[in-house]
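>>> okay, sequence plus prediction incoming.
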Amino acid sequence: MVTPTKKIRLPIDGVLLLDKPVDFSSNDALIKAKRLLNAKKAGHTGTLDPFATGLLPLCFGEATKFSQDLLEADKTYETILHLGITTTTGDTEGETVHTCAVNITLDQIEPALSQFRGPIHQIPPMYSALKRDGKPLYEYARAGITLEREARPVTIHDLQLLEYQAPYLTLRVTCSKGTYIRVLGEDIGRLLGCGAHLRALRRTQVADLTLEQAVTLDSLTATPETERVNLLAAVDALLLSFPPLHLPDELAVRFLQGQRLSLGKEGVLMPQEEGRVRVYRQSNGKLLGTANIKEFGVLAPERLIAKQDGE
């Protein structure tokens, strides 16, 4: 009997900007993309609910070191609220709890939306992955158990009305990390006096990454296997919100060893007085990692790219 040869996974580095389809969990989408790319190491930068679609940045190889930066980033969504119906989950996946006639006029909507712009507090939904005593809240919810949850501060940077054709209210939301759009939809419906749930949700932007740059699983599948890696963005696509800093070769080697550098004494031009930066080797433009510029121009390494040949 011939023993089947195990396929060797490739050490691919980069970011796939995926347009996640409906009815796929984020993990399912990651597993499929990882298989299609035959990648050795992969991770995502925050989940989208199965009913949601849109931008899901997937990290491969060295890019996984920087996935946390997108977890912390602001995000933009477009969503359709179905007024007059509330569900157990706040979206289309739940069972109907209450129905109400919708007599909301356009004049009532803008005053309601204005109540949710800026810093607000949200109570996390029971149907969420937040854990209590080691179990996600959705497990308690499925067992019919409702637990007390503390309200959490989030920020709605922008909330715009795109369209209203009763009972459907289409909104664009730009928000801070930790914001539940389902909860926002329910709270808007509650303020309008008719209740609401999300009929659709699409993420269009994460930090500086946009949906226009994304590919679908179908297009990834249709691309010849040897060309799929060309669909990946560079690792530093995750770090574009940080100013760049370029180090000469000697300092680059010391930086990759985890040494702190005094930029003022070394004569390196600093992009800012303090704060986070993305660091490159000056001679070839290769990303070295991220760092923090501290007081007195001290550069403190954070996450580093694995050493390359000759380093």
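Thanks, I have the structure now.

>>> which elements pack onto the helix or strand of the chain with the lowest mean pLDDT?
Least confident helix or strand, the chain: helix 263-266 with a mean of 75, by mean pLDDT, DSSP states H and E. Of the remaining helices and strands, none touches helix 263-266 by 3 or more CB pairs under 8 Å, 6 or more residues apart in numbering; DSSP states H and E. (C-beta placed from N, C-alpha, C; glycine too.)

>>> same for the helix or strand where residue 18 lies, what does it pack against?
Element membership for residue 18 (DSSP states H and E) is strand 14-20. On a contact count with 3+ CB pairs under 8 Å, 6+ apart, strand 14-20 meets helix 26-37, strand 53-60, helix 217-222.

>>> buried residues of the least confident helix or strand of the chain, list them for me.
Across helix 263-266, burial judged by 16 or more other CB atoms under 10 Å covers residue 263.

>>> contact partners for the residue nearest to residue 191 when sequence neighbours are not counted?
Excluding the flanking residues, the one nearest residue 191 by CB to CB, 6 or more residues apart in numbering is residue 112, at 5.0 Å. By CB atoms under 8 Å, 6 or more residues apart in numbering, residue 112 lies in contact with 188, 191-192.

>>> residue 200 and residue 80 touch, don't they?
Yes - applying CB atoms under 8 Å as the test, residue 200 and residue 80 come out as touching, 4.4 Å apart.

>>> per-residue confidence for the residue nearest to residue 235 when sequence neighbours are not counted?
Leaving out its chain neighbours, the residue that sits closest to residue 235 by CB to CB, 6+ apart is residue 63, at 4.5 Å. For residue 63, the pLDDT comes out at 93.

>>> ok, residue 211 - how many residues close by?
Residue 211 has 18 neighbours, counted by other CB atoms under 10 Å.

>>> doesn't residue 19 make contact with it?
Yes - at 6.4 Å, residue 211 counts as touching residue 19 under the criterion of CB under 8 Å.

>>> need the overlap of contacts for the two.
54-55.

>>> residue 229 belongs to a helix?
Yes - the assignment for residue 229 is a helix, going by DSSP: H, G, I helix; E, B strand; the rest coil.

>>> hang on, it packs against residue 13?
No - between residue 229 and residue 13 there is no contact under CB under 8 Å: 9.5 Å.

>>> where exactly do the strands run in the stretch 1-150 of the chain?
14-20, 42-44, 53-60, 75-83, 85-87, 96-99, 118-122, 131-132, 135-136 (DSSP state E, counting those that start in this stretch).

>>> out of those strands, which comes closest to residue 155?
With CB to CB as the criterion, residue 155 lies closest to strand 118-122 of the strands of the stretch 1-150 of the chain, at 5.2 Å.

>>> can you list the buried residues in that closest one?
120, 122.

>>> tell me the mean pLDDT over that strand?
96.

>>> how far is it from where the chain is centred?
The chain centroid and the centroid of strand 118-122 are separated by 19 Å under CA atoms, centre = their mean, to the nearest Å.

>>> and stretch 132-141, by the same measure?
23 Å.

>>> ok, and what's touching it?
Identification of contacts with stretch 132-141 by CB under 8 Å, 6+ apart yields 88, 124-131, 146-147, 149.

>>> and if we set it to 7 Å?
126-130, 147 (CB atoms under 7 Å, 6 or more residues apart in numbering).

>>> tell me which residues of that stretch are tucked away?
137, 140-141.

>>> ends of that stretch, what's the gap?
For stretch 132-141, the first-to-last residue distance is 12 Å (CA to CA, to the nearest Å).

>>> try stretch 117-131
Stretch 117-131 has its terminal residues 28 Å apart, counting by CA to CA.

>>> quick one: the strands in the stretch 201-311 of the chain?
Going by DSSP E, counting those that start in this stretch, the stretch 201-311 of the chain shows strands at 209-210, 244-247, 261-262, 275-281, 287-293, 298-304.

>>> could I get those in a markdown table, plus columns for distance to residue 56 and mean pLDDT?
Formatted as a markdown table, the strands of the stretch 201-311 of the chain follow (distance: least, CB to CB, whole Å; pLDDT from 0 to 100):
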| stretch | distance to residue 56 | mean pLDDT |
| --- | --- | --- |
| strand 209-210 | 10 | 94 |
| strand 244-247 | 26 | 93 |
| strand 261-262 | 36 | 90 |
| strand 275-281 | 22 | 94 |
| strand 287-293 | 22 | 94 |
| strand 298-304 | 21 | 93 |
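
>>> thanks a lot, catch you later.
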